[in-house]
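**Student:** output the structure for:
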Amino acid sequence: MNNVALITGASSGIGKELAHIHATKGGDLVVVARSIDKLNALQSDLQAKYGTTVKVIQKDLTHETAAQEVYDEVHQSGITIDYLINNAGFGGVGKFHEREWSKDLSMIQLNIIALTALTRLFLPDMVSRNQGKILNVSSTASLLPGPMQAVYYATKAYVTSFSNAIAEELYDKNISVTALLPGATETDFGQVSGMDKTDLFTNTSSAREVAQAGYAAMIDGDLNVLAGLSFPQKIMMKMLPIVPKKALLSQIRKAQTVN
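**Tutor:** Numbers count the residues shown, from 1 in each chain. Coordinates of the predicted model:
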């Protein structure tokens, strides 16, 4: 396999689009997700359309040992990962004290721990070759607190901060770390999280548009890229430095309250 991208959460949404984009560039893939049926369908589609080689790894990254298991399988297969794309993640709406703790704990495991573990496992190999690129899918949610999605926003704040920090640590290496910060995007995320019933998801961008922006930024070695912002989100981003924090939090809470 050559020019290999490992993509988590590759069975749908942004991850699936990223897989297609990489395949159009002639790259091979390792695709990771929970649904073996969707992964097998993606593998068949990519191989038929682009002639690319695709390795499927079925894994639930909310499990504590999953990241190590993914790395071990890739290593034992003799595959070199040139692009690590940590895309898998999920959210959930509701007041923190009323939500099921098990769901928020799984969110932290996937959005933070699995992403961090995969980066820690694959990055030393990139450093030893002095070559590689990492794309961590964060969110515009990382730029501010999110009442009604307190844990999700906090996990994405971690992703952006972590990505930026290690990018600077690698300043003297031929390795880049990019954080992709999408706005509301037309994926399964909205339905799974319950956000599809809120005002924030009334105007969503396509997963393809967001994936294209993220992939291009990764190739260019950009630090952060905002993508797929609706007009209200663009206004909100511009208002962040000037709007009083309490007023901003109230606005976010209302936008994220299930109708």
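**Student:** where along the stretch 151-259 of the chain do the strands fall?
**Tutor:** 175-182, 185-186, 205-206, 224-227 (DSSP state E, counting those that start in this stretch).
**Student:** and of the ones you listed, who's closest to Ile36?
**Tutor:** strand 185-186 (24.4 Å; C-beta to C-beta). Every C-beta, even on glycine, is put in place using the N, C-alpha and C of the backbone.
**Student:** which strands or helices does the helix of greatest length in the chain pack on?
**Tutor:** The residue-count maximum for a helix in the chain (DSSP state H) belongs to helix 150-169. The contact analysis (3 or more C-beta pairs under 8 Å, 6 or more residues apart in numbering; DSSP states H and E) places helix 150-169 against helix 101-108, helix 115-129, strand 132-137, strand 175-182, strand 224-227.
**Student:** to Ala255, which of those lies closest?
**Tutor:** Using C-beta to C-beta, the nearest of the helices and strands packed on helix 150-169 to Ala255 is strand 175-182, at 16.2 Å.
**Student:** give me the neighbour count for Gly78.
**Tutor:** As a burial measure, Gly78 scores 7 neighbours (other C-beta atoms under 10 Å).
**Student:** now do the SS call for it.
**Tutor:** Here Gly78 is recorded as coil under DSSP: H, G, I helix; E, B strand; the rest coil.
**Student:** re earlier: can you redo the helices and strands packed on helix 150-169 as CSV with mean neighbour count, distance to Ile252 and mean pLDDT?
**Tutor:** Formatted as CSV, the helices and strands packed on helix 150-169 follow (neighbours: other C-beta atoms under 10 Å; distance: least, C-beta to C-beta, whole Å; pLDDT from 0 to 100):
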stretch, mean neighbour count, distance to Ile252, mean pLDDT
helix 101-108, 15, 18, 98
helix 115-129, 18, 24, 98
strand 132-137, 25, 21, 98
strand 175-182, 25, 16, 97
strand 224-227, 19, 17, 96
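**Student:** okay if I get the ones you listed as CSV plus distance to Leu46?
**Tutor:** Shown next, in CSV, are the helices and strands packed on helix 150-169 (distance: least, C-beta to C-beta, whole Å):
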stretch, distance to Leu46
helix 101-108, 29
helix 115-129, 21
strand 132-137, 18
strand 175-182, 21
strand 224-227, 23
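**Student:** how about those, which one is nearest Tyr50?
**Tutor:** Taking C-beta to C-beta, strand 132-137 is the member of the helices and strands packed on helix 150-169 nearest to Tyr50, at 19.6 Å.
**Student:** residues in contact with that closest one: which ones?
**Tutor:** 9, 14-15, 18, 81-87, 89, 115, 119, 122-123, 125-126, 159, 162-163, 174-180, 182, 214-215, 217-219, 221 (C-beta atoms under 8 Å, 6 or more residues apart in numbering).
**Student:** then stretch 27-45?
**Tutor:** Contacts of stretch 27-45 (C-beta under 8 Å, 6+ apart): 1-12, 15-16, 19, 22-23, 46, 52-61, 70, 74, 79, 81-83, 88.
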